[in-house]
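Dropping a prediction and its sequence here:
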Amino acid sequence: MADYDENTVIDKKIKPILHTILSNCKVEAENKCLQVPLNEFEERVAFYTGLPKAMLNQVFFSNATKNNEQSIRHRIVILKALLKFYKNEHRPNFKDLYNYLCMSKLKITTFKNIDDFRYALISMGFDYRKTNKGSMIVEDAEITFERYNYIKNYKKLRNAKIRMAYVEERYITKHFTFNKPDFDNDCPYIVDNEKCLAEGFYFYHVLSDAGLENYIITNKICVATYQKFVVDVLFRHLKKGCAVVIDNHPIHGKLIDQTITRYHTKADMLNWLRMANIPYSDSMCKAELYELISRCKKPSSGYELDRLLNAHGHEVLRLPSGCDELSPSVLLWNQVKEDMKGMKIDDTQLENAIISAVTKAHKHSWKPLNKITYETENTLLSLYASTEEALDKFVQFDV
C-alpha cells in the first residue's frame with residue numbers, strides 16, 4: 001500500500017467514487033452477502049464505483065480488437081443462443097455465451113479471445129441487465145423495439161403495395177471497395193487526401209424494384225452536396241407516394257430538438273401540443289399550456305429530411321441500428337463487390353463499370369435479395385415474440 005500524506009487533497013472527481021465504494025461495501029457488510037456475484041467482475045466494478053458501464057468499457061476492452069461490423073446474421077445467432085438460455089431459465093453471462101457458441105454449430109466470427117467477443121457484443125447492444133434473479137445478458141430494449149417497429153412498418157407498407165426507394169451513398173475506389181463513407185460532424189466534408197480522390201468518388205444513388213433510378217457522383221461528402229442530391233434528384237424523380245428507406249448516416253440530417261421551455265412563445269407551445277395530439281384550448285395562457293406540456297411525454301423527435309420528404313408525399317423508414325442488411329440495396333452492393341472481384345478496369349471507365357455492374361446485379365439478384373430480407377424479417381419477428389415470452393416467464397427487470 002502506498003504511503004498517504006495527510007496533507008494531500010483528494011481530487012474532487014475521486015471523492016464521490018470513494019464515497020460510493022464505501023457506501024456499497026457498508027451495505028454488503030450489513031447484509032453479510034455480496035450484492036453482485038464474484039464471477040460478474042465488470043458488474044462489480046460498476047456497482048462499487050458507481051461509474052457508467054460505457055466509461056468502464058474503455059478500460060475493460062482497451063486491448064480488444066475493434067470489430068463493430070457484425071452482420072444481421074451474427075445478431076440472429078446471438079439472439080437464438082440467448083433465447084435457449086432464457087427458456088432453460090439460466091442467466092447467461094459472456095463466458096457462458098462464448099463457450100456455448102464455440103461448442104455449438106452456431107459459430108459466427110472467430111474472435112481472438114473472450115475479450116474480443118465481449119467487446120463485439122457490447123458494441124452491438126448486448127450487455128448485463130439487473131433482474132430479480134441477478135444480472136444477465138440481454139439486448140438493449142431500445143434496439144429491440146426500434147428493429148421491431150421498423151419491420152412492422154416496412155411490412156405494412158410493402159403489403160399495401162407502396163413503392164420502396166432505397167437511398168444510399170458509397171465511397172467507390174478503383175480497388176472495388178464500396179464502403180459506406182465516414183463522416184465527421186465537426187467537419188464540413190470529408191476528403192482524406194488527394195490520393196483518396198484520385199482513387200475513387202462518392203456515389204449518391206436511389207435503388208428500387210425498377211433498378212438504379214438515379215445517382216450523382218461527387219468528390220466530397222457533406223450535408224450541402226447531399227441536400228443538392230435530395231432536391232435535384234429525389235424530389236424531381238421520385239413519384240409521390242413512395243416509401244424512402246435510409247439509414248442514420250450523419251448527412252441524412254439531425255434530430256430536430258423539440259424541447260419546449262417556459263420561454264418559448266405561446267404559438268410554439270400550441271404547436272408542440274398539436275404535434276403530440278394532446279387536447280388543449282387556444283384560450284389557455286402560457287402558464288397553463290406549459291403545465292400541460294410538463295405532464296406529458298415529449299413527442300418523438302423528427303428529422304428535417306424526413307419532414308421534407310413527408311411534405312413531398314413520401315413515407316420515410318430509417319433502418320434500425322445494426323440492421324443495414326434489412327435493406328436489399330445493402331445486400332446488392334455485397335453482390336456487386338463479389339461480381340467485380342479480380343476485374344481490371346481503367347480509371348476512366350470506373351463509373352461506367354460500376355453502373356453496368358449494379359444494373360446487372362439488380363437484374364439477376366434483386367428478387368432473391370428481397371426474399372432474403374423478407375425471411376430475415378420473419379426470423380427476427382419470431383425471435384422477438386419468443387424472447388419476450390421467455391423473459392416474462394423467467395425474470396423481472398429492475399426499472
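Looks like it arrived, so ask away.

got the residue ranges for the helices in the stretch 201-350 of the chain?
Here the stretch 201-350 of the chain has its helices, by DSSP state H, counting those that start in this stretch, at 223-229, 235-237, 266-275, 286-294, 304-311, 328-339, 350-394.

Which of those helices sits closest to K174?
Comparison of the helices of the stretch 201-350 of the chain against K174 by C-beta to C-beta identifies helix 350-394 as nearest, at 5.6 Å. In short, each C-beta sits where N, CA and C put it, glycine included.

Which elements pack onto that closest one?
Contact analysis of helix 350-394 by 3 or more C-beta pairs under 8 Å, 6 or more residues apart in numbering; DSSP states H and E lists helix 72-87, helix 141-159, strand 200-208, strand 211-218, helix 328-339 as its packing neighbours.

want to try JSON lines for these, with mean neighbour count, distance to N310 and mean pLDDT as columns?
As requested, the helices and strands packed on helix 350-394 are arranged in JSON lines below (neighbours: other C-beta atoms under 10 Å; distance: least, C-beta to C-beta, whole Å; pLDDT from 0 to 100):
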{"stretch": "helix 72-87", "mean neighbour count": "18", "distance to N310": "27", "mean pLDDT": "94"}
{"stretch": "helix 141-159", "mean neighbour count": "16", "distance to N310": "14", "mean pLDDT": "95"}
{"stretch": "strand 200-208", "mean neighbour count": "22", "distance to N310": "17", "mean pLDDT": "90"}
{"stretch": "strand 211-218", "mean neighbour count": "16", "distance to N310": "19", "mean pLDDT": "90"}
{"stretch": "helix 328-339", "mean neighbour count": "19", "distance to N310": "21", "mean pLDDT": "92"}
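
what's the closest of those to D347?
It is, among those and with distance given as C-beta to C-beta, strand 200-208, at 9.4 Å.

For that closest one, report the contacting residues that lie outside it.
With C-beta atoms under 8 Å, 6 or more residues apart in numbering as the test, strand 200-208 has contacts from 163-174, 177, 181, 212-221, 225-226, 229, 233-234, 237-238, 242, 328-329, 332, 350-351, 354, 358, 362.

returning to what we had before: for L292, find the nearest of the helices and strands packed on helix 350-394.
Between L292 and the helices and strands packed on helix 350-394, the shortest separation by C-beta to C-beta is 26.8 Å, and it involves helix 141-159.

mean confidence score for the helix or strand following that closest one?
Using DSSP states H and E, the helix or strand that follows helix 141-159 in sequence is strand 164-173. Mean pLDDT, strand 164-173: 91.

What strands flank strand 164-173, and is each parallel or antiparallel?
Each strand pairing with strand 164-173, determined using DSSP bridges, is listed with its direction: strand 178-179 (antiparallel), strand 200-208 (antiparallel), strand 243-246 (parallel).

Indicate which one of those is closest to D339.
Proximity to D339 (C-beta to C-beta) singles out strand 178-179 among the strands paired with strand 164-173, at 11.1 Å.

Could you check how far that closest one is from the centre of its chain?
Here strand 178-179 shows a centroid-to-chain-centroid distance of 19 Å under the convention C-alpha atoms, centre = their mean, to the nearest Å.

related to what we said a few turns ago, now list the buried members of the contacts of strand 200-208.
When burial is judged by neighbour count using 16 or more other C-beta atoms under 10 Å, the buried members of these are 163-172, 174, 181, 212-215, 218, 221, 225-226, 229, 233-234, 238, 242, 328-329, 332, 350, 354, 358, 362.

How about the most centrally placed residue in the chain: what's its closest non-neighbour residue?
Centre of the chain computed as the mean C-alpha position; nearest residue by C-alpha atoms, centre = their mean is S321, 1.9 Å away. The shortest distance from S321 to any residue that is not its chain neighbour, by C-beta to C-beta, 6 or more residues apart in numbering, is 5.5 Å, and that residue is I143.

Same list, the helices and strands packed on helix 350-394, but as JSON lines with distance to Y128 please.
As requested, the helices and strands packed on helix 350-394 are arranged in JSON lines below (distance: least, C-beta to C-beta, whole Å):
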{"stretch": "helix 72-87", "distance to Y128": "12"}
{"stretch": "helix 141-159", "distance to Y128": "13"}
{"stretch": "strand 200-208", "distance to Y128": "40"}
{"stretch": "strand 211-218", "distance to Y128": "44"}
{"stretch": "helix 328-339", "distance to Y128": "30"}
